[in-house]
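A.B. asks: Sharing a model that was predicted from the sequence below.
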Amino acid sequence: MAKKRGSATGTKKPRGKPKSKKDAVDLRRLEPVLKKYREERGAIIPMLQQAQAVYGYLPQSVMERVAEAGGVSPSEVYGVVTFYTQFRLKPVGDYVIRVCHGTACHVNGAERITETIAGQLGIDEGGTTDDSKFTLESVVCLGCCSLAPVMMINEETYGRLTPKKVRTILKSY
Ligand code: FES
């Protein structure tokens, strides 16, 4: 089940607004996704998930095209994108570091892990390094609580972390 950010009506502050200028992305890459859901009205979430898999994030022009294909307004699509934490409005780095802040990881020092990574890379949570190599995110439970504290770098899982171990892992990338 997708993690929700807050109310779709916007009680939580969205992470960013769509840019006024159109993003320079090739919308032809989106066509197979739209074609797949042509017969399914209301398939906005799966369309957005697959669009994000294509582009790595959801540029404004892509959200507008999904809205058009799904028969909903761009603001409805934007509401969905800002409601679920799985969707990104900005491009991410080559390596996405997801630090777990679920209960088991929290009590085992997840905060120190995030602080260590943020300090090492010079970015805040949710940020991306200037060279677009790393993005740092927080998630709630990666499903391996016995290894707490845990983080994932792309598909690789690292457990029983300490600040020292984290620094060594980062150096290997
Ligand atoms: S709480 Fe961190 S993996 Fe479950």
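C.D. replies: Yep, that arrived. Numbers count the residues shown, from 1 in each chain.
A.B. asks: Just want the residue of the protein that's nearest the ligand.
C.D. replies: Nearest residue of the chain to the ligand, counting by Cβ to the nearest ligand atom: Gly102, 2.5 Å away. To be clear about C-beta, it is placed using only N, CA and C from the backbone, and glycine gets the same treatment.
A.B. asks: Excluding chain neighbours, what is closest to that residue?
C.D. replies: Spatial nearest neighbour of Gly102, chain neighbours left out: Cys141 (3.6 Å); criterion: Cβ to Cβ, 6 or more residues apart in numbering.
A.B. asks: Check Ile169 too.
C.D. replies: Tyr158 (5.7 Å).
A.B. asks: same question, Val72
C.D. replies: Closest residue to Val72 apart from its sequence neighbours, by Cβ to Cβ, 6+ apart: Ile44 at 6.3 Å.
A.B. asks: Contacts for stretch 64-77 next, please.
C.D. replies: Contact with stretch 64-77 is made by 27, 30, 34, 37-38, 41-44, 47-48, 51, 63, as judged by Cβ atoms under 8 Å, 6 or more residues apart in numbering.
A.B. asks: do stretch 45-60 as well
C.D. replies: 2, 18-19, 22-23, 25, 29-30, 33-34, 36-37, 62-63, 66, 69-70, 77, 80-81, 84, 86-92.
A.B. asks: can you list the domains in this protein?
C.D. replies: Using automatic domain parsing, the domain parsing of the chain gives 27-83, 95-171.
A.B. asks: among those, where is the model least confident on average?
C.D. replies: Across the domains of the chain, domain 27-83 has the smallest mean pLDDT, namely a mean of 92.
A.B. asks: re earlier: spell out for me the ChimeraX command that would select the buried members of the contacts of stretch 45-60.
C.D. replies: In ChimeraX, a selection of the buried entries from the contacts of stretch 45-60 looks like this (16 or more other Cβ atoms under 10 Å):
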select :18,23,25,30,33,34,37,62,63,66,69,70,77,80,81,84,87,88,89,92
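A.B. asks: Please narrow the contacts of stretch 64-77 to those residing in helices.
C.D. replies: Judged by DSSP state H, these include 34, 44, 47-48, 51, 63 as members of helices.
A.B. asks: Make TSV out of the residues you listed and add distance to the ligand.
C.D. replies: Below are those laid out as TSV (distance: Cβ to the nearest ligand atom, whole Å):
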residue	distance to the ligand
Leu34	35
Ile44	29
Met47	29
Leu48	26
Ala51	28
Met63	31
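A.B. asks: All good on my end, thank you.
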